[in-house]
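Visitor: I need the structure of the sequence given here:
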Amino acid sequence: MSASRKRDTRNAWGDLMKASLAVLAVLLASVPALAAEPQYVELLDTTAELSGQGLTVRLAVMNPTDPDRLYRVPYMTVSEGKQEAIEITGVASGFEHPGAYAWIAEFDPANDSAEVLFSTFTGGAHCCDDIRIADKGADGTWREIEFGQFDGGVQVQDPDGDGTYEITTVDQSFLYAFDCFACSASPLQIWAIRDGEMVNVTFEPQYRQSHEEWLLQLEDNGTGAETTLGFLGGWVAERVILGEGEAAWADMLRLYDPAVDPGFPVCTIPGVSPYDCPEKATVTLTFPDALARHLAENGYPVPPNATPAVG
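Guide: Reported below is the predicted structural model:
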């Protein structure tokens, strides 16, 4: 092969390699960077510490300064580099050694830092985990997001696999709505942090697989209890999320036994609980009617074959 032909071949290969690398760079740029794995620390003694993703989290307990307060309270400090960024105070549980834990995770991709989820236990048989989140704003200022109290706690997961983590729990409104806590099924609930705000993303399509898996788990755990009202309420709601509301309602009516329906009092005055409602404004609904009302009040589409219609 002549020298000029060899030179032309090398140039052709060089051009091909440059073009291939350019295409690869474009493809890589279109793939979201995966966040680091979440990191967990639990307060088992008087202090605990965790470092990761550029943050240092310290958990500790403070002794009561008020003589009328008997219980120690957990608190959390978050430092970014060597600078303390925020301190968040939890709640007292009434125990000598209050329970607390924290997660460092990438919940909010809108800023340049991971977030820290802080949980403290309020005390009681199974309630509640008080959840607060340290989040860095776009202006660099850290702030506390008061997420709420959850019976049974929450999980840090990435159900859609995009590298940004969500907070999963169950819809608390179903836990005692139609039966006792242990007798009730609840639909899966998924929360995200977007631009520093908590957003309920339960119905977004990228989480469908998680809901399908949760439904299977509900049905497996509910074996033998398929006709109980506590199971039926959460089971129908989970199927509504999956777009199976009409079929779920028909199945519920087939399984529903009016003989075990105690009736559910509701108040016709908006915003008033049945416990505070005047007797003349209190009505008692059957389970199907109470379930339709509960779905509507908690943001679920009411199946079209649910009667009477809920306005």
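Visitor: Beta-bridge partners for the closest residue to Glu204 other than its chain neighbours, please?
Guide: Of all residues beyond its chain neighbours, the one nearest Glu204 is Ile190 (7.9 Å), with distances taken as CB to CB, 6 or more residues apart in numbering. (C-beta placed from N, C-alpha, C; glycine too.) Ile190 forms beta bridges with Thr168, as assigned by DSSP bridges.
Visitor: can you start the count at 47 instead of 1 from here on
Guide: Noted, 47 is the first residue going forward, which turns the last one into Ile236.
Visitor: how about low-confidence regions in the chain?
Guide: 47-81, 110-116, 172, 354-357 (pLDDT under 70).
Visitor: domains for it, by residue range?
Guide: What the record gives for the chain is the domain set 81-198, 264-343, from automatic domain parsing.
Visitor: So what does the nearest residue to Glu126 once chain neighbours are set aside have for phi and psi?
Guide: Residue nearest to Glu126 in three dimensions, not counting chain neighbours: Leu101, with 5.9 Å by CB to CB, 6+ apart. Geometry field for Leu101 lists phi and psi as phi -120, psi 150, criterion degrees, to the nearest 10.
Visitor: next one: the one 4 residues further on
Guide: When read as degrees, to the nearest 10, the backbone of Leu105 gives phi -110, psi 140.
Visitor: contacting residues around it?
Guide: By CB atoms under 8 Å, 6 or more residues apart in numbering, the residues touching Leu105 are 87, 89, 93-95, 120-122, 146-148.
Visitor: Just send those back as a markdown table, with neighbour count and secondary structure too.
Guide: Supplementary listing: those in a markdown table, determined by neighbours: other CB atoms under 10 Å; DSSP: H, G, I helix; E, B strand; the rest coil:
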| residue | neighbour count | secondary structure |
| --- | --- | --- |
| Val87 | 20 | strand |
| Leu89 | 23 | coil |
| Thr93 | 10 | strand |
| Ala94 | 18 | strand |
| Glu95 | 12 | strand |
| Pro120 | 28 | strand |
| Tyr121 | 18 | strand |
| Met122 | 27 | strand |
| Ala146 | 26 | strand |
| Tyr147 | 21 | strand |
| Ala148 | 28 | strand |
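Visitor: could those residues be laid out in a markdown table, adding distance to Val318?
Guide: Supplementary listing: the contacts of Leu105 in a markdown table, determined by distance: CB to CB, whole Å:
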| residue | distance to Val318 |
| --- | --- |
| Val87 | 43 |
| Leu89 | 40 |
| Thr93 | 46 |
| Ala94 | 44 |
| Glu95 | 47 |
| Pro120 | 36 |
| Tyr121 | 37 |
| Met122 | 37 |
| Ala146 | 36 |
| Tyr147 | 37 |
| Ala148 | 38 |
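Visitor: and which of these is nearest to Lys128?
Guide: Taking CB to CB as the measure, Glu95 is the one of the contacts of Leu105 closest to Lys128, at 14.3 Å.
Visitor: Was I right to think the closest one contacts Arg104?
Guide: Yes - in this structure, Glu95 sits in contact with Arg104. The criterion is CB atoms under 8 Å, and the distance is 5.0 Å.
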